[in-house]
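I'll drop the sequence and a predicted model, then ask my questions.
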Amino acid sequence: MNNLHIGIFGRRNTGKSSLINMITGQDISIVSSFPGTTTDPVKKSVEILDIGPAILIDTAGIDDLGEIGSKKIRKSQEVIRRVDCAILLIAGNQFGDYEVRLIEQFKRYDVPYLIAHNKSDIDKIAAITKTAIKQYSKAEIIDFSTINPADKNRLVSALKRIVPEIAFQKNSLIGDLVQPKDVVLLITPIDREAPEGRIILPQNQTIRDALDNRCITVVLKETELSYFLKIGITPALAITDSSVFGIVAEILPENIPLTSFSILFSRLKGNFDAFIKGTPHISKLEEGNSVLILESCTHQTSCDDIGRVKIPGMLQQFTGKKLNFTVVSGLSEVPRKVKDFSLVIQCGGCMITRKQLHNRLKPFIEAGIPVTNYGMTLAYLNGIFKRATVVFDKITAG
């Protein structure tokens, strides 16, 4: 889920759907002269030359009217927090409060963007429009038309200039923790949450990352860990599913570095320093405090569900307090105010982008609400928080 996410924003009938169709070369989004045709954000996966795999998101008009229109606008604004970059589309030399509010949101969530004036075949951008834009934005401005095939290359070139470098970076989960030919031990329990015949995505991606770093990868269940250790092989790094931290920590010798899949992903995609600082606040929770649990995907739940069952149960047992829990899945809106929560616990985030995870946690961090993630929470509750994170200390210090 590291594909570049590009949002298309603007008023109704500026040609957002036509822009999507021009870039993809397909009739993906419905095009109509009737304002307000686009309702919910429409996503399309595409390979863009010189940029790579991307997901284009077509949003409803930011000037939509009525109660339904207001809901469309809110959904469009939510998309801003989830994209890596954006195109603000205008037409007919219209630039005003609607666009200024979008620009403010782009700045609020650190979203790089360009401003594209569409329908230049009918009405080219005027000098007065450029002057008005420059009062609020330093973004690149291009004049183009979706019906002119040659303008596609100009638009893509401008888009490439705003794509954040981090979107092209292929960061490694364990590359700075191991050396080629190191033995990496991956402890992967198969419980009710495991998909039939497969292993979950974080485990799958970690195996691939270990192989890419030319490591000797050993995958086993926690029930075979003791047997493996008797063979006499000492792993350079052991990575476990957070749900069996307690069992693994008891069996694995202290001299073998230990962490979890979730903690690795918290470093790859999350605000790692904020997680490290926020986790000890678990011990400061008080009776009746509210805890927000953020899942990044939707999935079937069971009695073993780590976010909805195990963590809440262990937190209340650890603190001895009755706590209130709110669970939000996918990238849905949080139903309560930020300051209503005393702690936020984010999953590993394997199904979302780094940008999406950062912007999801940004309001809480800015409000001073402690944040942590599944792996760090379970390590702390099992009394091995330092052991599970010390492997990263020398990297941070370096």
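Cool, the structure landed.

From here on, just use CA atoms for contacts and neighbour counts.
OK.

Give me the mean pLDDT for stretch 255-269.
This predicted structure assigns stretch 255-269 an average pLDDT of 94.

residues making contact with that stretch?
Contacts made with stretch 255-269 from outside it, assessed by CA atoms under 8 Å, 6 or more residues apart in numbering, are listed as 171-174, 202-203, 206, 234-242, 245, 272, 275, 347-350, 353-355, 357-358, 373-376, 387-389, 391.

Buried ones in it, by neighbour count?
With burial defined by 16 or more other CA atoms under 10 Å, the residues of stretch 255-269 counted as buried are 257-269.

Tell me how far it lies from the chain's centre.
Computed by CA atoms, centre = their mean, to the nearest Å, the separation of stretch 255-269 from the middle of its chain amounts to 17 Å.

now stretch 114-126
Chain-centre distance of stretch 114-126: 33 Å, with CA atoms, centre = their mean.

Give me the ChimeraX select line for the contacts of stretch 255-269, limited to the buried ones.
To isolate the buried members of those in ChimeraX, using 16+ other CA under 10 Å:
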select :172,173,174,202,203,206,234,235,236,237,238,239,240,241,242,245,272,275,347,348,349,350,353,354,355,357,358,373,374,375,376,387,388,389,391
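
before we move on, back to that, which among the buried residues of stretch 255-269 gets closest to Arg154?
Sorting those by how near they are to Arg154, with CA to CA, puts Lys269 at the top with 31.8 Å.

what's the closest non-adjacent residue to Pro175?
Actually, residue 175 is Gly. It isn't Pro. Ranked by CA to CA, 6 or more residues apart in numbering and with sequence neighbours excluded, the top spatial neighbour of Gly175 is Asn213, at 6.1 Å.

where does that neighbour fall, phi/psi-wise?
Asn213 has phi and psi values of phi -90, psi 20 when expressed as degrees, to the nearest 10.

correct me, but it touches Gln179?
Yes: judged on CA atoms under 8 Å, Asn213 makes contact with Gln179 at a distance of 7.3 Å.

Neighbour count: those two, which is higher?
Legend: neighbour count by other CA atoms under 10 Å for Asn213 and Gln179, higher for Asn213 (19 against 15).

Could you double-check that Tyr98 sits in contact with Asp63?
Yes: in this structure Tyr98 lies within contact range of Asp63 using CA under 8 Å: 6.8 Å.

Need the residues touching each of the two.
With the criterion set as CA under 8 Å, 6+ apart, the overlap between the contacts of Tyr98 and Asp63 is Arg11.

Looking only at neighbour counts, state which of those two leads.
Taking other CA under 10 Å, Tyr98 and Asp63 do not tie; Asp63 has more neighbours (18 against 14).

Can you list the low-confidence ranges for the protein?
Counting by pLDDT under 70, the chain has low-confidence residues at 1-2, 26-40, 65-69, 165-170, 191-197, 298-303, 394-398.

which SSE is Ile233 in?
Assigned by DSSP states H and E, Ile233 belongs to no helix or strand.

try Thr259
Per DSSP H and E, Thr259 falls inside strand 258-260.

next one: Leu292
Taking DSSP H and E as the criterion, Leu292 maps to strand 290-294.

following that strand, which helix or strand comes up?
Reading on from strand 290-294 to the C-terminus, the next helix or strand found by DSSP H and E is helix 311-319.

just how off-centre is that next one within its chain?
Put simply, helix 311-319 sits 26 Å off its chain's centre (CA atoms, centre = their mean).

helices or strands next to that helix in the packing?
Under the contact definition 3 or more CA pairs under 8 Å, 6 or more residues apart in numbering; DSSP states H and E, helix 311-319 sits against helix 374-381.

For the helix it packs on, list the C-alpha coordinates in CSV.
What follows is helix 374-381 as a C-alpha-only set of coordinates in CSV (Å, rounded to 0.1, in the frame of the first residue of the first chain):
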residue,chain,number,x,y,z
TYR,A,374,-0.1,-2.2,19.0
GLY,A,375,3.4,-3.7,19.3
MET,A,376,4.7,-1.2,21.8
THR,A,377,1.6,-1.5,23.9
LEU,A,378,1.8,-5.2,24.1
ALA,A,379,5.5,-5.0,24.8
TYR,A,380,4.8,-2.6,27.7
LEU,A,381,2.0,-4.7,29.1
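
Great, nothing more from me.
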